[in-house]
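*Asks:* kindly return the folded structure for what I paste below:
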Amino acid sequence: MNDYLRSLTARKQSWFGLKLPIKAALAQPILHPLMRAVAPRIRGVRVGRLPAPIGLTEVAGRAGGADFVLVDPFRCEIAKEFYWGKGRRTEPEDAFALDLMVDLSRDAEVFVDIGAYTGVFTMAVLAANPTAIAHSFEIIPAVVAGLEKNVARNRLGDRVSIHPTGVGRPGETMRVPTGDGGSALPSFYAASMDFAEGVEVRFTSLDELLPQLPAGTSRVTVKIDVEGAENDVLGYGRDFLGALRPDILCEVLADRAKPGELMAVLGEFGYRFYLVGTDRLTHRARIVPDPHLRDWLLTTRTPEELDAEGYPVE
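*Replies:* Next up is the predicted model:
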């Protein structure tokens, strides 16, 4: 078996073992007043990738007018963005996507977060919609622990069901490392990767979630971030899609997506495709992965309907 953690790609991601000590050096609290003042002014520096200070326990976040908290910004890649963005995600397209999902979910009864990481979408949606519940799915044990901390810190334990499982082909399993990922909680593990050691994680299907929803549920929103496995998520969710026609925010990666298969599934249920930009949606007849913009809104709503509801569409 090829172990991804021993591959050249993985070793490059860790800077051949240098990433953690360099990150720790840059995370010394004494440096951060100067770094926060200077780094945003340096051309080409993506401040959201810089470390947050060691010892900072949590950061405040805001999306769609709602406030929430994310813990452990030194370890959580999303929380550190909120540190550098002063309560907002640092890339405009990411901030817009989060606001969009929050707005679309204001009248939802259920929010489904697939590939939740530490739960920023879950926290933001439930902060803005006090009556919604969430089902949050995450396969990496160390990240599940971070998700649990955020749920507890935001006092959402009675509204969030955390599923330490994958979503896709039911009955499938995947070995997932139990380590904490080195310099940060890992956010890039995919079902297509092989690992020599770890725990066996089970996959369920979106259709298997359908009977777990409260009786009479009619309004559901979904976020999918599964590193190229979205075809399996939706392909084994046809009953779910047919019954609920949820609005879906889906990451579509240019180097992993299979847009033809994805459109075939969604086309069965009358879905339209909108590329999520920095401040607006672009209606497209086909899903063509963009090298810079990752997120797509998949919905049965027409451009005219979205525009009438206040969503900028071109």
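*Asks:* so the closest residue to residue 231 other than its chain neighbours, which of the three states?
*Replies:* In space, residue 231 comes closest to residue 261 once its chain neighbours are excluded; the distance is 4.7 Å by Cβ to Cβ, 6 or more residues apart in numbering. Using the backbone N, CA and C atoms, a C-beta is placed for each residue, glycine as well. Recorded secondary structure, residue 261: helix (DSSP: H, G, I helix; E, B strand; the rest coil).
*Asks:* from residue 232, how far out is residue 261?
*Replies:* Applying Cβ to Cβ, to the nearest Å, the value for residue 261 to residue 232 is 10 Å.
*Asks:* neighbour-wise, which of the two wins?
*Replies:* The residue with more neighbours, out of residue 261 and residue 232, is residue 232; 22 against 14, by other Cβ atoms under 10 Å.
*Asks:* wait, that one touches residue 168, no?
*Replies:* Yes: with contact defined as Cβ atoms under 8 Å, residue 232 counts as touching residue 168 (3.5 Å).
*Asks:* number of nearby residues for residue 234?
*Replies:* So residue 234, with other Cβ under 10 Å, has 28 neighbours.
*Asks:* look at the closest residue to residue 172 other than its chain neighbours and give its secondary structure.
*Replies:* With Cβ to Cβ, 6+ apart as the criterion, residue 172 has its nearest non-adjacent residue at 4.2 Å, and that residue is residue 203. Following three-state DSSP, residue 203 is assigned to strand.
*Asks:* tell me how many other residues surround residue 203.
*Replies:* Residues near residue 203, counting by other Cβ under 10 Å: 22.
*Asks:* likewise residue 126?
*Replies:* So residue 126, with other Cβ under 10 Å, has 26 neighbours.
*Asks:* so where's the protein uncertain?
*Replies:* Within the chain, the segments meeting pLDDT under 70 span 1-25, 179-183, 190-191, 193-194.
*Asks:* and the strands in the chain?
*Replies:* Using DSSP state E, the strands of the chain run over residues 58-63, 66-71, 110-114, 133-137, 160-163, 166-167, 173-176, 199-204, 220-224, 247-251, 272-276, 281-284, 295-299.
*Asks:* tell me which of those strands sits nearest to residue 45.
*Replies:* Of all the strands of the chain, strand 58-63 sits nearest to residue 45, with 19.6 Å by Cβ to Cβ.
*Asks:* send over that closest one as PDB, restricted to the C-alpha atoms.
*Replies:* C-alpha atoms of strand 58-63 as PDB (Å, rounded to 0.1, in the frame of the first residue of the first chain):
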ATOM      1  CA  GLU A  58     -10.300  31.400  20.500                       C
ATOM      2  CA  VAL A  59     -11.300  34.000  18.000                       C
ATOM      3  CA  ALA A  60     -14.600  35.700  17.300                       C
ATOM      4  CA  GLY A  61     -16.200  35.300  13.900                       C
ATOM      5  CA  ARG A  62     -19.000  37.000  12.000                       C
ATOM      6  CA  ALA A  63     -20.900  35.900   8.900                       C
END
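*Asks:* and for it, what's in contact with it?
*Replies:* By Cβ atoms under 8 Å, 6 or more residues apart in numbering, the residues outside strand 58-63 that reach it are 52, 67-73, 79-80, 82-83, 87-88, 95, 98-99, 102, 120, 123-124, 127-128, 153.
*Asks:* how far does that strand sit from the chain's center?
*Replies:* Offset of strand 58-63 from its chain centre (Cα atoms, centre = their mean, to the nearest Å): 16 Å.
*Asks:* same thing with stretch 151-165?
*Replies:* Relative to its chain's centre, stretch 151-165 lies at 16 Å (Cα atoms, centre = their mean).
*Asks:* need the residues that contact it.
*Replies:* Contacts of stretch 151-165 (Cβ under 8 Å, 6+ apart): 58, 68-69, 71, 119, 122-123, 126-127, 132-139, 141, 144, 147-148, 201-204, 212.
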